[in-house]
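> Structure, please.
(chains A and B)
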Amino acid sequence: MNPHSACSILNRLFFHGVGEGHFYAAQTHSVSETGNVRKLKPSASIGMLTNGGVTAAEYVKILEDGAYSVVFQDGAIAYIECTFHGNTLDSYRFFYIPSPFDTEHIVELPSDIPLADWLRMVLEDRGALCLKSVGALRFDCVRGLPADVHEPHPVSHLTMITGDCRIPIRGPLQISAFLHFIFDNFQRSARPCWLQFSSYLAFDTSEVTITPEESAVFHINWESL
Amino acid sequence: MNDIVPNIDTELDVIFGEYRDTNAVETFVKACRNASLTGTLYIGYPVLAIDDDKIEYDAILVSRNRGVVIFDLYSTTGGVLAADDKVVERMEKLYAALYNRLNSFSELRSGRQLAVSIQTATITPLASNFENVGDNLTVGLDRLAEVPQIPAPSRLDDTQIEHLNAAIQRISNLKPKKKREGVTNPDSMGSKIKEIEKRIANLDLWQKRGSIEYVNGPQRIRGLAGSGKTVVLALKAAYLHVKRPDWTIVVTFNTRSLYQQFEALITRFVYAQINEEPDWSKIKIMHAWGGSERSGVYREFTSLIGAPYRDFATAARLYGYETAFKGACDEAISYLQSRELEAYDMMLIDEAQDLPTSFFRIVHAMVKNPKRIVWAYDDLQNLGDAHLPSPKELFGTDAKGRPLVELSNQNDKPQQDIVLPRCYRNPPWTLVTAHGLGFGIHRDPMAQIFTDPKVWDRLGYSNEGGAIEFSSAVNIARKQESVPSFFHDYLTPEDTLTVAKFDGGESQYRWIAGEIKKLVSEGEMEFSDILIILPNVKTSKSEGSRLYQVLASEGIKAHIPGQTSSRDEVFREGSIAITHIHRAKGNEAPVVFVVNAGFCEGDYALKKRRNILFTAITRSRAWTYITGSGSGMDVIAAEVEKIRQDGYALKFVYPAKEQAEALAVTSDSIEGEDLVAAFDDLREALKRVRDEQLPLPIDLQEELAALSGGK
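Below you'll find the model as predicted:
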């Protein structure tokens, strides 16, 4: 798929969702080109967040920096960043970060205060009592690792709980597969909105990158539907 | 020899290709019959290349007593013959192009000369006219009988006639997929399958006829799986692309892997006719659905009418996994209203049985009048569903309730409903056994049976005592014309079907490993010729792994598609495919092992189990092994033995109409399905207890003992 088309669909999806009240906020995505390499992402990058989850402060900073693709009504954040060689997906970072704040505080958000400011106030006011234990899910696709990386590092993997966690995945996830995963499992009430756009983000190719060694251990044999 | 015309010396067989003027052709064919011309008369066929151009033939007669006669039907316009020099020039070209074509066949030459006489005749408006103008005849329709006959000693023999038809049909044969260069023993199985593959590559006359016969409107081609429908559609598309290069022709299908197959076939067939590549801007190979990278018929449709497009992932979520495409097409067609899109001149649809009816309505809206829609339909995909949907069911009706599409076969008109009667995939003994087991004819009660006995005839069977009647003893066998002769030339019933029963454990898998070794070493078969099917989907993962390990321990490479390799790649060079029944569907292999076949007998979900067995056995192109253990396997083995003793015929008493109908409507109940799954779980648990020597909980021991009467 042409990254420019994918970018356009993502922007339409997110702003339509915001308009319809499914999402709290969304960022505009754009495609930057360097030679044949095209990078699709929101204007601010989220970085690694290697500890497998986010602290309340990190979460608020993400909101303040606008380093997200979309913020759902329960405060969860989805982040999409991918690199293409031409029209071929080469690498990506997909995050799903549930809000570390208890949902009741997000529901109480006054309409005239930005979410980040509000949560900072809640944090100052309630301290640790406003937090709940959740993690974050990060899907990575990384190719061409340096030779000095000796830890298992599948091309496509899922990281959760700790940054050392890299659960092998059968092959790279396309953007639509990641978003289907989110809307099927965590944001089901917004699924009808997503399904109006999902078909236009679909990719035909299904690449298998998992190695026999990786298949022999616990892995995710997930094929995009 | 010639399958199409049983007696070419007394009958005239007309094959209607694409032609311009219906009246002119009808009048001409009638005149040919009045003149008692015999042989094969091709209308609008072939198209040949000459002088860097192509030339179309209006009509060609191939007959023993007149040789080849080229007829020019259209040089008359408004009742006036075109200028002589133009007629002469055209006839010379027609003659030269056909001469070149025929002369390239050694069988049609005698020394350096063409052994076949070619005459040319221009049909004139004056019915009583007959004259020689140079080398050309000018003939009125009333005097066709006077076209000169060949002196008896020079008349063509049967072989020459056959070669002549083959040359005129100008259909190059296919190439077998495997070269099998490692085959050295002429008596080995590898050698036999090599010969069979070569023979399959030679198209039969039904296939050739099916590909030429053209209706200026809708047409259906049907036959059992493996009867060559895909090839016929590709040939037809190629011929019409050559004949009408201005038309936009679409070839569409359900299975994505057919894309490459159609592309290769159409390229080959177009090149064979005019020595040129197809113009891919005019002949489009499109998946029925389409994807983000490739267009598809449904996708184009949504784009044309402004309906939302759904990819599979989305449609499956909106409309269900099994009915995703139906849901997407239903939704799209609701946006059409009364519009006619007229995007294409012609559309050819393969695998029509796998596409929803709303897709056909989409096709109908997209194809221009006169709705040149050709669809190929697999007869009997499922034993329980012999219903052949009518054109009305597929395409629907207009506002007044009249069918949008109707089919009828009439004499001296191109056939709208073509049947391909031969099954090339399965040896006849295998097919009969598969049907016998699938229906459970030697079981009481049967699993299922056709409620309309006429279906047997449609599928290429005949009954010894004539028409099949309810409540009567029948002896049903394959019709001779439905069986390609090469099966009898290279195979015998004894070696094509092997049934083996085992005590359980690994003995079955060890035996299979041993047979595979023999197949490869003595039989000169390749690993990729072998398909192992596990009928029970639920246990296929664990059983597949066990079998995989046994094969590996014997040095046999195997793979489990979707588990140890891509789900899209069933066959892989140098490796044996082990797969459950769903993935085996649509695939075929020279050697098929149906393992743990005892699963296909049981009190619950019997129809489903027998359908699985039928599907599994009919994946085999030559040799089938049915193996298993337990009492279910005893029943299956006994049924096979009975069919074998009956000479691979199905001898049984056809149920009464009410019984047949009762069997048809008796569905495998949901409760039954649930129970089957629960029993499977229990079996699996008991198996682990036995194999891993685990303790069986005391309450279960007591329960099982009580159920089995304390034994």
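> Identify the residues contacting stretch B:685-693?
By Cβ atoms under 8 Å, 6 or more residues apart in numbering or on different chains, the residues outside stretch B:685-693 that reach it are B:505, B:694, B:695, B:696. For glycine as for every other residue, the C-beta is placed from the backbone atoms N, C-alpha and C.
> how deep is the closest residue in space to the first one that isn't next to it in sequence tucked in, by neighbour count?
On the basis of Cβ to Cβ, 6 or more residues apart in numbering or on different chains, the spatially nearest residue to residue B:505 that is not a chain neighbour turns out to be residue B:691, at 7.8 Å. One way to gauge burial is a neighbour count; for residue B:691, by other Cβ atoms under 10 Å in any protein chain shown, it gives 12.
> Next, residue B:691: phi, psi?
When read as degrees, to the nearest 10, the backbone of residue B:691 gives phi -70, psi -40.
> Spit out the contact partners of the closest residue to residue B:228 other than its chain neighbours.
Using Cβ to Cβ, 6+ apart and skipping residues adjacent in sequence, the residue nearest residue B:228 is residue B:207, 4.7 Å away. Contacts for residue B:207 (Cβ under 8 Å, 6+ apart) come out as B:228, B:231, B:232, B:235, B:420.
> Out of these, who's the most crowded?
That'd be residue B:232 among the contacts of residue B:207, by other Cβ under 10 Å, with 27 neighbours.
> Can you give me the separation between that one and residue B:408?
Residue B:232 sits 20 Å away from residue B:408 when distances are taken as Cβ to Cβ, to the nearest Å.
> Same question for residue B:574.
Using Cβ to Cβ, we find residue B:574 at a distance of 52 Å from residue B:408.
> Then residue B:100?
Applying Cβ to Cβ to residue B:100 and residue B:408 gives a distance of 39 Å.
> quick one: which of these two has more around it?
Using other Cβ under 10 Å as the criterion, residue B:100 and residue B:408 rank with residue B:100 on top: 13 against 8.
> Pull the contacting residues for that one.
If you count contacts by Cβ under 8 Å, 6+ apart, residue B:100 has them with B:48, B:50.
> where does it fall, phi/psi-wise?
Main-chain torsions, residue B:100, degrees, to the nearest 10: phi -60, psi -40.
> can you check residue B:594 too?
phi -100, psi 100.
> nearest spatial neighbour of it, skipping sequence neighbours?
Nearest residue to residue B:594, sequence neighbours excluded (Cβ to Cβ, 6+ apart): residue B:616, at 4.4 Å.
> Assign a three-state SS to the residue most central in space within chain A, would you?
The centroid of chain A falls nearest to residue A:95 when counting by Cα atoms, centre = their mean (2.7 Å). Using DSSP: H, G, I helix; E, B strand; the rest coil, the structure places residue A:95 in strand.
> ok, what's across the strand from it?
Judged by DSSP bridges, the bridge partners of residue A:95 are residue A:79, residue A:138.
> That one contacts residue A:138, correct?
Yes. Judged on Cβ atoms under 8 Å, residue A:95 makes contact with residue A:138 at a distance of 5.2 Å.
> Overlap in contacts, the two.
In contact with both residue A:95 and residue A:138: residue A:49, using Cβ under 8 Å, 6+ apart.
> buried sites along the top strand by length along chain B?
For chain B, the longest strand by residue count, based on DSSP state E, is strand B:367-378. Of the residues in strand B:367-378, those buried under the neighbour-count criterion (16 or more other Cβ atoms under 10 Å in any protein chain shown) are B:367, B:368, B:371, B:372, B:373, B:374, B:375, B:376, B:377, B:378.
> who does that strand touch, helix- and strand-wise?
When contacts are defined as 3 or more Cβ pairs under 8 Å, 6 or more residues apart in numbering or on different chains; DSSP states H and E, strand B:367-378 sits against strand B:219-223, helix B:229-243, strand B:344-349, helix B:357-366.
> switch to 6 Å and redo it
With contacts taken as 3 or more Cβ pairs under 6 Å, 6 or more residues apart in numbering or on different chains; DSSP states H and E, strand B:367-378 sits against strand B:219-223, strand B:344-349.
> Quick check: which of those strands is nearest to chain A?
strand B:344-349 (21.4 Å; Cβ to the nearest Cβ).
> what's the distance between residue A:221 and residue A:210?
On the measure of Cβ to Cβ, residue A:221 and residue A:210 end up 8 Å apart.
> no wait, residue A:85
Distance check for residue A:85 against residue A:210: by Cβ to Cβ, it reads 21 Å.
> Go through the worst-scoring helix or strand of chain A on mean pLDDT and flag the buried ones.
Taking mean pLDDT, DSSP states H and E as the measure, the helix or strand of chain A with the lowest value is helix A:212-216, at a mean of 82. Buried residues in helix A:212-216, counting neighbours by 16+ other Cβ under 10 Å, are found at residue A:214.
> So what does residue B:451 have for phi and psi?
According to degrees, to the nearest 10, residue B:451 has phi -80, psi -20.
> pLDDT score assigned to it?
Looking at residue B:451, its pLDDT reads 87.
> which non-adjacent residue is nearest residue B:655?
residue B:449 (5.7 Å).
> Tell me how many other residues surround the one you found.
Neighbour tally, residue B:449, other Cβ under 10 Å: 24.
> repeat for residue A:76
By other Cβ under 10 Å, 22 other residues sit near residue A:76.
> Let me know the distance separating the residue nearest to residue B:505 from residue B:610.
Residue B:691 is 29 Å from residue B:610, by Cβ to Cβ.
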